[in-house]
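Enquirer: Any chance you can model this:
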Amino acid sequence: MTAPAKPMGPIPPGFAVIDGELAIAGVRARDWVARAGGAPLFVYDAGLIAPRIAAFRAALPGVALHYAVKANPFAPLLQWIASQVDGFDIASGGELAAVQAAGVAGPAIGFAGPGKRNADLLAALHAGVVVHLESAGEADRLFDLAAQSGITPRVAIRINPDFELAGAGMRMGGGARPFGVDADQVPQLARRVIAAGADWCGFHLYAGSQSLDAAAIVAAAGASLALVARLADQAGIAVPACNLGGGFGIPYHAGQAPLDLAAVGEGISAALAGRATVLRDTRFTIELGRWLVGEAGVYLAEVIERKHSRGETFVVIDGGMHHQLAASGNFGSVIRRNFPCAVATRMDQPASEIAHVAGCLCTPLDRLGDALALPRAEPGDLIALFCAGAYGASASPAAFLGHGPAREVLAGAV
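Expert: Alright, predicted model coming up:
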């Protein structure tokens, strides 16, 4: 018996159809695959990212914008976006090397992450980046390495706040966390950092990610400003800069609406205007990854065969969760829900069947679409999975079962 259709998320705006086929940056999906040398393939459209950056600038004037490299570290993307944003936030020595290869160095880079190795810290010292301390022990190691190297470290403290970002898909602050220094321990560490002669750069908070609730994001920013002001007063220090984190989400699933950026901008701008006197000269940054690049990416995979099993239809593709783990529901999801999906080579045809989109891996976990209403897809057709620009290729187990990584291309870069 055929399973009933299940809903899927909305296809992001900005994509066109040419001769019945999905077009990305004005080029048909089949042509992208041919140019790249085959599928599976990620296509990232810089032409869809640039308006996001412009919208952020308009909504939050005076607030610096950093790109969170973990969202998508594809080298051509980093090289392009380096000229569009004010800096980068990284979380490993590998990401530092990638950003340096894109031509960026110095205090425009903030280095967070709870497990920095000595080699990572040493590389950060020589690159002149701002190290966001996650513990007193990390401070000890950094200062020892700095003394041995004769380099004055640039230092900020990442705060583990006493609140969370409500509605966040992934909560990274509040409670017991491996991230950051608990708020009550921050003043003592800040005084110690300054006494050690470090280049004091301020604070960093990150309460959570993937929130579509504008009011919750504004509330978290307001709480962050109040917390930073209180800690600065307690420590008796100035705050040169403060990274307020990000957390802006995108709609992956049915029933989700895009984040109201205007409301976020109005709320955060009002909170900044009313900030405490101790923060009057503080420079503020927001770091964004997914919100900037997530909806600009499409994952294309070719249909290998159609299979019928006990009354249900499976469209088997040459890609899968080893490239797009999040779409399979195995990347932080409690309940699996469908990402937006289409038959890229039949965009002008109505849905005519209910089918599961199954990957090529030999595991029942490898399902990228569950009971989708789609046009009939035949071998040779292309399946498109949207919202693939963030936490796709680099966040998926590409080595699993030996099928190899997907190709990647950047489109629309000027």
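
Enquirer: Share the number of residues neighbouring residue 16, please.
Expert: Close neighbours of residue 16, defined as other Cβ atoms under 10 Å, add up to 13. In this view, the C-beta of every residue, glycine as well, is placed from N, C-alpha and C.

Enquirer: so it touches residue 27, yeah?
Expert: No: assessed by Cβ atoms under 8 Å, residue 16 is found out of contact with residue 27, at 9.8 Å.

Enquirer: buried stuff in stretch 127-139?
Expert: 127, 128, 129, 130, 131, 132, 133, 134, 135, 138, 139 (16 or more other Cβ atoms under 10 Å).

Enquirer: Reformat those residues as a markdown table; add secondary structure.
Expert: As requested, those are exported to a markdown table (DSSP: H, G, I helix; E, B strand; the rest coil):
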| residue | secondary structure |
| --- | --- |
| 127 | helix |
| 128 | coil |
| 129 | coil |
| 130 | strand |
| 131 | strand |
| 132 | strand |
| 133 | strand |
| 134 | coil |
| 135 | coil |
| 138 | helix |
| 139 | helix |
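
Enquirer: so which pair among those is furthest apart in space?
Expert: Using Cβ to Cβ, the buried residues of stretch 127-139 span at most 21.9 Å, a distance reached by 128 and 135.

Enquirer: list the contacts for residue 89?
Expert: 66, 67, 68, 69, 109, 110, 111, 112, 243, 287 (Cβ atoms under 8 Å, 6 or more residues apart in numbering).

Enquirer: Repeat the analysis, applying 10 Å as the threshold.
Expert: Listed by Cβ atoms under 10 Å, 6 or more residues apart in numbering, the contact set of residue 89 reads 66-71, 95, 99, 109-113, 130, 132, 204, 206, 243, 245-246, 285, 287-289.

Enquirer: quick one: the residue nearest to residue 259 when sequence neighbours are not counted and residue 249, what's the gap?
Expert: Leaving aside its sequence neighbours, residue 259 sits nearest to residue 212 (Cβ to Cβ, 6 or more residues apart in numbering; 5.1 Å). Counting by Cβ to Cβ, to the nearest Å, the gap between residue 212 and residue 249 amounts to 4 Å.

Enquirer: These two - which one has more neighbours?
Expert: residue 249 (23 against 20).

Enquirer: In this protein, mark out all the helices, start to finish.
Expert: 29-36, 46-59, 75-81, 93-101, 118-127, 136-149, 186-195, 214-235, 261-273, 290-293 (DSSP state H).

Enquirer: looking at the protein, which helix or strand is least sure?
Expert: Every helix and strand in the chain was compared by mean pLDDT, DSSP states H and E; the lowest is strand 170-171, with a mean of 49.

Enquirer: ok now do the spatially closest residue to residue 33 that is not a sequence neighbour, which residues does it touch?
Expert: Among residues not flanking residue 33 along the chain, residue 39 sits closest, at 4.9 Å (Cβ to Cβ, 6+ apart). Residues counted as contacts of residue 39 (Cβ under 10 Å, 6+ apart) are 29-30, 32-33, 299-303, 317-319, 382-383, 406-407.

Enquirer: Now the two most distant members of these.
Expert: 303 and 407 (17.3 Å).

Enquirer: on that earlier part again, wait, the residue nearest to residue 259 sits on residue 258?
Expert: Yes: under the criterion of Cβ atoms under 10 Å, residue 212 makes contact with residue 258 at 7.4 Å.

Enquirer: Quick check: which ranges of the stretch 51-200 of the chain have low pLDDT?
Expert: Residue ranges of the stretch 51-200 of the chain with pLDDT under 70: 164-178.

Enquirer: 50 instead?
Expert: Residue ranges of the stretch 51-200 of the chain with pLDDT under 50: 167-170.

Enquirer: how far away is the nearest residue to residue 362 once chain neighbours are set aside from residue 321?
Expert: With Cβ to Cβ, 6+ apart as the criterion, residue 362 has its nearest non-adjacent residue at 6.4 Å, and that residue is residue 401. Using Cβ to Cβ, residue 401 is found at 10 Å from residue 321.

Enquirer: what's the answer for residue 145, then?
Expert: Residue 145 is 39 Å from residue 321, where distance means Cβ to Cβ.

Enquirer: Between the two, point out the one with more neighbours.
Expert: Neighbour totals were compared for residue 145 and residue 321, and residue 321 leads with 23 against 18 (other Cβ under 10 Å).

Enquirer: if I look at that one, how far off is residue 113?
Expert: Using Cβ to Cβ, one obtains 25 Å as the distance from residue 321 to residue 113.

Enquirer: and what of residue 213?
Expert: Separation of residue 213 from residue 113 (Cβ to Cβ): 26 Å.

Enquirer: now stretch 17-32: mean pLDDT?
Expert: Regarding stretch 17-32, the rounded mean pLDDT is 98.

Enquirer: repeat for stretch 369-383
Expert: On average, stretch 369-383 scores 97.

Enquirer: repeat for stretch 226-243
Expert: Mean pLDDT, stretch 226-243: 97.

Enquirer: for stretch 390-410, same thing?
Expert: 95.

Enquirer: Now that stretch: buried residues?
Expert: Buried residues in stretch 390-410 (16+ other Cβ under 10 Å): 390-396, 403, 406-410.

Enquirer: counting contacts, what elements does the lengthiest strand in the chain pack onto?
Expert: Using DSSP state E, we find that the single longest strand of the chain is strand 297-309. The helices and strands touching strand 297-309, judged by 3 or more Cβ pairs under 10 Å, 6 or more residues apart in numbering; DSSP states H and E, are strand 21-24, helix 29-36, strand 41-45, strand 312-317, strand 341-343, strand 353-358, strand 382-385, strand 407-411.

Enquirer: tell me the angle of the fourth one relative to strand 353-358?
Expert: Looking back up the chat, that one is strand 312-317. Relative orientation of strand 312-317 versus strand 353-358 (axes from the mean of the first three to the mean of the last three Cα atoms, to 10 degrees): 50 degrees.

Enquirer: what angle separates strand 312-317 from strand 297-309?
Expert: Relative orientation of strand 312-317 and strand 297-309, computed by the same axes, to 10 degrees: 140 degrees.

Enquirer: just the last one next, same as before
Expert: With the same axes, to 10 degrees as the criterion, the two stretches strand 407-411 and strand 297-309 enclose an angle of 140 degrees.

Enquirer: Mutual contacts of residue 212 and residue 258, please.
Expert: 249, 250, 251.

Enquirer: can you put those residues in a markdown table and add pLDDT?
Expert: Output for the shared contacts of residue 212 and residue 258, formatted as a markdown table (pLDDT from 0 to 100):
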| residue | pLDDT |
| --- | --- |
| 249 | 95 |
| 250 | 96 |
| 251 | 96 |
